[in-house]
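Q: Sequence unavailable; structure follows:
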DNA sequence: TGTTAGCACTCCAAAAGAGTGAGTGCTAAA
DNA sequence: TTTAGCACTCACTCTTTTGGAGTGCTAACA
């Protein structure tokens, strides 16, 4: 068990390290106004904290640096839930006051602002298909055999696909087809569309459409639509501002990893409610083992539908970042529930 | 005027430098199989080439490095139009064979592949508004006062905007409104939409819509739509692989510049036909003065509508890059003209 | 007259050495 | 239990040394 004084020293040390990114020595701590014991005493305490695994040394005669265990303890026990600075609040208000016309823009802007406020990279996952339902399908001919199929979801997202109209079906029939789709699929969750079409609609087609086989293939083609998660990045290159990434090689490994959708999915998959902090080695993904990842969930009708996250060095401004993510994720939840 | 031998030596030196990124000395050149004069002779020629400004030294006793003038000469006179390697051709074919469903995806994928083939950053400008016309407008209610307005253009692009429906107008009237818009605006170039609405449509509204003032405001709101150029990036972080960007500071300056839309517009504005190479200091933008930029234009109905470009170090694999851009831009032109 | 071998010279880069300072652990006294 | 004191460690920085790749110039050669 840690003594009161050890807790205090650990906190002071981590705060100092997060700010200055330089190993912290006993003298530095003893010189603080609110510290009333000598550097020698602190040295003893530091040695104990190191034995317990909360601190590390970069070499035998260097100051101490928080270990991952130290950060974990810091996040779990020493972090008083801070109130956002007025500047931060102002920025977030601005973001949500501005009436953003397209849903996509909301995500883009949020990701951007989040990364600008923190100087870390932000990753936002758009609403998951699971909870969103289909609102409307529209087929707009472009001339020739070409057309655009447009899908609107209950969360206001718009997806579009180019399609080639099948030769053997008359224009009126295609119109009828789209009508059938709208009548039967509106309100169906996106994830269930495929099944619903296969189970129920083929029968309807058989009744109303002449060349129903070709129609079926056409429908299949339209719905071969990837309803996978949309990923929005902000400040992908903010890492370059962090002293721990002064080495180009490191940045490269990290950025290359973030290009991979599978990596992102792996990182952000666990859709816990609330805020999750993952520190260094705790991460699933090799390439981000020297980073910390903070995730916050936002929801729609009470269910988790997406994730807002920040990725930065293990030495992160946890206090502020957690406050920010908490606020923004709540705003997201409000926004979605109010709008749709 | 350069002698035959000087031309040859210049070419060999630049080719070598592009490949190895290390100052090239007289001995290196003389050791090549196809070179039949001694290093001393080459030294004399190199000194002459340096006097003429085609080469530079990094310090008094170093090998030579091409100057920007050298690269310019190389690009203008020494570059035999190379045929793409079969591997490159194969990759491009793959890209255009795959039937890409959404127009956006074509750009995204092209940018990605281009950067992967070259290890440089690619920037593609989507079709300009000037040449595209409106194909269809659709208003899809989401419930409550919310709706999504969808625009489809003649090049198959789909844009969407969230709008709040005006309180004072009945749903049937809104339907009528949209019909009027479609009847009058289909085929009108995007750039002229605003004017057309102001000049002609307000009269029509006055005739058919009761609360025409509120309707006008609503229309204005819908069309407050940014038809600015769409920018697609590929391999934004490929710079990290280039030895000249081993310094994080340099990468940061460049990447930060590329985040600015104004910078991109400045870089890619001149919409010349064909291929343009801009080397180092020739660039308008400060931050890319140590880079080369290669642009290729693609067109629709014979008119330039967009640009495909690559940005990399001044030491660039010009030969290959030019061939690639040429081929891809032509494929783009074909694609657009065939599709729409 | 153009080409080449030879040599002195230059300068970078990597290695080796010396000095500095921030930090530690340990001991002994308060 | 706390603190002062001291020897010791190790990363950094600054210099110095050394090796090598490259140059320019000169003189000899075909």
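A: Arrived safely, thanks for sending. Keep in mind the model is a prediction, meaning the values are calculated, not measured.

Q: can you give me the helices for the stretch 101-250 of chain A?
A: A:103-118, A:171-185, A:193-196, A:202-208, A:212-223, A:248-259 (DSSP state H, counting those that start in this stretch).

Q: and the second one with chain B, contact?
A: No. Between helix A:171-185 and chain B, judged by C-beta under 8 Å from any C-beta of the partner chain, nothing touches; the nearest distance is 10.6 Å. (C-beta placed from N, C-alpha, C; glycine too.)

Q: I'd like to know which elements that helix is packed against.
A: strand A:134-143, helix A:193-196, helix A:202-208, helix A:212-223 (3 or more C-beta pairs under 8 Å, 6 or more residues apart in numbering or on different chains; DSSP states H and E).

Q: how about a cut-off of 7 Å?
A: Applying 3 or more C-beta pairs under 7 Å, 6 or more residues apart in numbering or on different chains; DSSP states H and E, one finds that helix A:171-185 contacts strand A:134-143, helix A:202-208.

Q: and it, which residues are buried?
A: Across helix A:171-185, burial judged by 16 or more other C-beta atoms under 10 Å in any protein chain shown covers A:173, A:174, A:176, A:177, A:178, A:180, A:181, A:185.

Q: ditto for the longest one
A: Buried residues in helix A:103-118, defined by neighbour count with 16+ other C-beta under 10 Å: A:103-104, A:106-115, A:117-118.

Q: how about the residues you listed, which pair is most distant?
A: Of all pairs drawn from the buried residues of helix A:103-118, the greatest distance, 23.3 Å, lies between A:103 and A:118 (C-beta to C-beta).

Q: neighbours around the residue of the stretch 51-200 of chain A found nearest DNA strand D, how many?
A: With C-beta to the nearest atom of the strand, the shortest gap between the stretch 51-200 of chain A and DNA strand D falls at residue A:61, namely 2.8 Å. For residue A:61, the count of nearby residues is 7 (other C-beta atoms under 10 Å in any protein chain shown).

Q: for the stretch 1-150 of chain A, which spans come out with low pLDDT?
A: Within the stretch 1-150 of chain A, the stretches with pLDDT under 70 are A:99-102, A:129-130.

Q: Show me which residues of it sit near DNA strand C.
A: Proximity of the stretch 1-150 of chain A to DNA strand C (C-beta under 7 Å from any atom of the strand) is limited to residues A:23-28, A:39-40, A:43, A:46-47, A:50, A:57, A:60-64.

Q: Just the buried ones among those residues, please.
A: Using 16+ other C-beta under 10 Å, the buried ones in these are A:23, A:24, A:25, A:26, A:28, A:39, A:43, A:46, A:50, A:63, A:64.

Q: Looking at those residues, which is nearest residue B:305?
A: Using C-beta to C-beta, these come closest to residue B:305 at residue A:23, 57.0 Å.

Q: Was I right to think the closest one contacts residue A:59?
A: No. Residue A:23 is beyond contact range of residue A:59, at 9.1 Å (criterion: C-beta atoms under 7 Å).

Q: mind putting the buried residues of helix A:171-185 in JSON lines, distance to residue A:89 included?
A: JSON lines is the format used below for those (distance: C-beta to C-beta, whole Å):
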{"residue": "A:173", "distance to residue A:89": "57"}
{"residue": "A:174", "distance to residue A:89": "52"}
{"residue": "A:176", "distance to residue A:89": "54"}
{"residue": "A:177", "distance to residue A:89": "51"}
{"residue": "A:178", "distance to residue A:89": "47"}
{"residue": "A:180", "distance to residue A:89": "50"}
{"residue": "A:181", "distance to residue A:89": "45"}
{"residue": "A:185", "distance to residue A:89": "42"}
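
Q: In CSV, list those along with pLDDT and distance to residue B:299.
A: Below are the buried residues of helix A:171-185 laid out as CSV (pLDDT from 0 to 100; distance: C-beta to C-beta, whole Å):
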residue, pLDDT, distance to residue B:299
A:173, 81, 36
A:174, 83, 32
A:176, 84, 39
A:177, 84, 36
A:178, 87, 34
A:180, 86, 40
A:181, 88, 37
A:185, 88, 39
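
Q: In the stretch 1-150 of chain A, which residue sits nearest DNA strand C?
A: For the stretch 1-150 of chain A, the residue closest to DNA strand C is residue A:25, as judged by C-beta to the nearest atom of the strand, at 2.6 Å.

Q: ok, now which ones touch that residue?
A: Counting by C-beta atoms under 7 Å, 6 or more residues apart in numbering or on different chains, residue A:25 touches residue A:63.

Q: so what's the backbone phi/psi at it?
A: Main-chain torsions, residue A:25, degrees, to the nearest 10: phi -100, psi 170.

Q: In a strand, residue A:294, correct?
A: Yes. Counting by DSSP: H, G, I helix; E, B strand; the rest coil, residue A:294 falls inside a strand.

Q: shouldn't it be in contact with residue A:323?
A: No. Here residue A:294 lies out of contact with residue A:323, judged by C-beta under 7 Å, at a distance of 10.8 Å.

Q: So which of these two has more stuff around it?
A: residue A:294 (25 against 20).

Q: residue contacts, the more buried one?
A: Residue A:294 neighbours (C-beta under 7 Å, 6+ apart): A:275, A:277, A:309, A:310, A:321, A:322, A:325.

Q: separation between it and residue B:49?
A: 57 Å (C-beta to C-beta, to the nearest Å).

Q: Repeat that for residue A:269.
A: 59 Å.

Q: Give me the more crowded residue out of these two.
A: residue B:49 (22 against 12).

Q: I'd assumed the more buried one was in a helix, is it?
A: Yes. If the criterion is three-state DSSP, then residue B:49 is within a helix.

Q: Surely it and residue B:57 touch.
A: No. Residue B:49 is beyond contact range of residue B:57, at 11.2 Å (criterion: C-beta under 7 Å).

Q: quick one: common contacting residues for these two?
A: Counting by C-beta under 7 Å, 6+ apart, nothing touches both residue B:49 and residue B:57.

Q: and residue A:196, how many neighbours?
A: Neighbours around residue A:196, by other C-beta under 10 Å: 14.

Q: In this model residue A:189 seems to touch it, though I could be wrong.
A: No. Applying C-beta under 7 Å as the test, residue A:196 and residue A:189 come out as separate, 9.1 Å apart.

Q: so the top helix by length along chain A versus strand B:134-143, what angle?
A: Ranked by residue count, the top helix of chain A under DSSP state H comes out as helix A:318-339. Interaxial angle, helix A:318-339 versus strand B:134-143 (axes from the mean of the first three to the mean of the last three C-alpha atoms, to 10 degrees): 90 degrees.

Q: buried stuff in helix A:318-339?
A: A:318-329, A:331-333, A:335-336, A:339.

Q: packing partners for it?
A: Taking 3+ C-beta pairs under 7 Å, 6+ apart as the contact cut, helix A:318-339 packs with helix A:86-97, helix A:103-118, strand A:275-279, strand A:291-300, strand A:303-313.

Q: would you list the helices of the stretch 101-250 of chain A in a markdown table and tack on distance to DNA strand D?
A: Converted to a markdown table, those look like this (distance: least, C-beta to the nearest atom of the strand, whole Å):
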| stretch | distance to DNA strand D |
| --- | --- |
| helix A:103-118 | 27 |
| helix A:171-185 | 63 |
| helix A:193-196 | 57 |
| helix A:202-208 | 69 |
| helix A:212-223 | 58 |
| helix A:248-259 | 16 |
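
Q: Give me the residue ranges of the stretch 151-300 of chain A where confidence is low.
A: Using pLDDT under 70, the stretch 151-300 of chain A drops low at A:225-229, A:271.

Q: tell me which parts of it are close to chain B?
A: By the rule C-beta under 7 Å from any C-beta of the partner chain, the part of the stretch 151-300 of chain A lying against chain B is A:152, A:156, A:158, A:160-162, A:237, A:240, A:246, A:248, A:251-252, A:255.
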